[in-house]
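below are the sequence and a predicted model for it; my questions follow.
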Amino acid sequence: MNVSGIQTGLVTATARDPQTPDPARDDEVRALLADLAPMLDRAFSANATPPAPATATAAATTTSPAAATSNANAQQGGTDLENAMSATQAKDPTLFAKTMKDAQSGDGNALVEDELQAYKEGAITKQQAIEEVSGAQKLANDHGGGKINGHVKSDAQALLGGSYIKGGQTRAGHAISKFFESFNPIGAIVKGVKDKTSKPSEDVLSAAQPALSRGVQRAMADMQSADPTLAQKFQQDASKGDGNAMVDDMVSLKNEQQSGAVPNTFSDQDAQLLGSQVGALGKGKVNSAEDQKFAQAFGTDTLYRGSSAASKTWNKIEDKAGSFISRSCRPSPIPWTARSISYTAT
């Protein structure tokens, strides 16, 4: 996600918001976002799958509320899946934040339930729901999760009228497969062939980036408006990768607002969205006590806790080893003379 793009439209976007910060603080908000943007960029680019090229979206002929929402978003450009995520964020910000948390956590069961809920609420069309659940299994495996349960598949089939969740690996099976690809020359070659012959697939995380950018923009502006000092501390804690401290900052601001010490501009939905990204910024896993504290303060558990420092280090080792072996085992191009001789011989 290019969070740096938040800064360009900050004043214009917040001018339409009844919770707009004082104009005198616009420069402060810009500076805060300028500091936070590179960290968010690095975190999201490390986790998000590159989106597929955008294609023109044909106008829907149905008159359902979900279709009307999709049409409105389609006018803003973007892929159908991007429009679906934007519609979900607009209609139910809490569900959007939970979807982000469950996707990054690799919880395929919860992710599918989120996607089905968005369809039930009328935020997305049936076709968009099918697109989302069809990619849920791969997304879960890519983020350390296992196979989606049979009852969740049945729920999706009953609601959407088809079996759209297929394949997948168990958590252990996927870990073994990734190890094989990273440290075995044959596995590295096979993975290299797959990477070159497969088209980049769009998933809900990559498709959500435009809506996520807008949400982060709003949340950071609201935090700055409520308490500039605490907003600066939040940025500093993010730069240190201290997820526990980031949670404490948001809970402290909630307490300040409840006591009337600061303006009530930083909403629960702001916190829920930022919470869904804490684990991506943190150097280690947010502890369970902070998780409970966050859920109690903001009404629901959308906090992405991330993974332990040791786990993140191991993932980096696997990725670097896989990249090195893949380059080392890459077959050299066959010279034209050799191909000519082979052709003549046959």
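On my side now, so go ahead. Numbering: from 1, shown residues only.

break this structure down into its domains, please.
Here the domain assignment for the chain is 3-47+208-298, 65-201, based on automatic domain parsing.

where along the stretch 151-300 of the chain do the helices fall?
Under the criterion DSSP state H, counting those that start in this stretch, helices of the stretch 151-300 of the chain are mapped to 171-183, 185-197, 204-207, 209-226, 228-240, 243-259, 268-275, 278-281, 288-298.

indicate which one of the ones you listed is closest to residue 112.
With C-beta to C-beta as the measure, helix 204-207 is the member of the helices of the stretch 151-300 of the chain nearest residue 112 (10.6 Å). For glycine as for every other residue, the C-beta is placed from the backbone atoms N, C-alpha and C.

what packs against that closest one?
Under the contact criterion of 3 or more C-beta pairs under 8 Å, 6 or more residues apart in numbering; DSSP states H and E, helix 204-207 touches helix 80-91, helix 93-105, helix 136-142.

ok, back up a step: and the helices of the stretch 151-300 of the chain as a markdown table, adding mean pLDDT and distance to residue 91?
Below are these laid out as a markdown table (pLDDT from 0 to 100; distance: least, C-beta to C-beta, whole Å):
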| stretch | mean pLDDT | distance to residue 91 |
| --- | --- | --- |
| helix 171-183 | 44 | 32 |
| helix 185-197 | 46 | 36 |
| helix 204-207 | 95 | 15 |
| helix 209-226 | 96 | 11 |
| helix 228-240 | 95 | 27 |
| helix 243-259 | 97 | 23 |
| helix 268-275 | 98 | 12 |
| helix 278-281 | 91 | 24 |
| helix 288-298 | 96 | 19 |
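
tell me which of the helices and strands packed on helix 204-207 sits nearest to residue 290.
That would be, of the helices and strands packed on helix 204-207 and by C-beta to C-beta, helix 93-105, which comes in at 14.2 Å.

which ones are touching residue 262?
226-227, 253, 256 (C-beta atoms under 8 Å, 6 or more residues apart in numbering).

who wins for proximity to residue 306 among the helices and strands packed on helix 204-207?
Taking C-beta to C-beta, helix 93-105 is the member of those nearest to residue 306, at 8.1 Å.

next, the angle from the closest one to helix 209-226.
When axes from the mean of the first three to the mean of the last three C-alpha atoms, to 10 degrees is applied, the directions of helix 93-105 and helix 209-226 differ by 120 degrees.

quick one: residues in contact with the helix or strand following helix 93-105.
Helices and strands here follow DSSP states H and E; after helix 93-105, the next one along the chain is helix 108-120. Helix 108-120 is contacted from outside by 66, 84, 87-88, 91-92, 95, 98-99, 102-103, 124-126, 128-129, 132-133, 136-137, 139-141, 145-149, 152-153, 155-156, 159-160, 165, 168, 204, using C-beta under 8 Å, 6+ apart.

if we use 6 Å, what do you get?
Under the contact criterion C-beta atoms under 6 Å, 6 or more residues apart in numbering, helix 108-120 has outside partners 88, 98-99, 102-103, 124, 129, 132-133, 136-137, 140, 145, 148-149, 152, 156, 159.

the inter-axis angle of it versus helix 93-105?
Interaxial angle, helix 108-120 versus helix 93-105 (the same axes, to 10 degrees): 150 degrees.

gap between residue 128 and residue 160?
Remark: distance between residue 128 and residue 160 (C-beta to C-beta, to the nearest Å) = 11 Å.

hang on, I meant residue 274
Applying C-beta to C-beta, the value for residue 274 to residue 160 is 32 Å.

tell me which of the two has more neighbours.
Neighbours were counted for residue 274 and for residue 160 using other C-beta atoms under 10 Å; residue 274 has more, 27 against 19.

for the spatially closest residue to that one that is not a sequence neighbour, give me its contacts.
Taking C-beta to C-beta, 6 or more residues apart in numbering as the measure, residue 274 lies nearest to residue 219, with 5.1 Å between them; neighbours along the chain are not counted. For residue 219, the residues meeting the contact criterion (C-beta under 6 Å, 6+ apart) are 270, 273-274.
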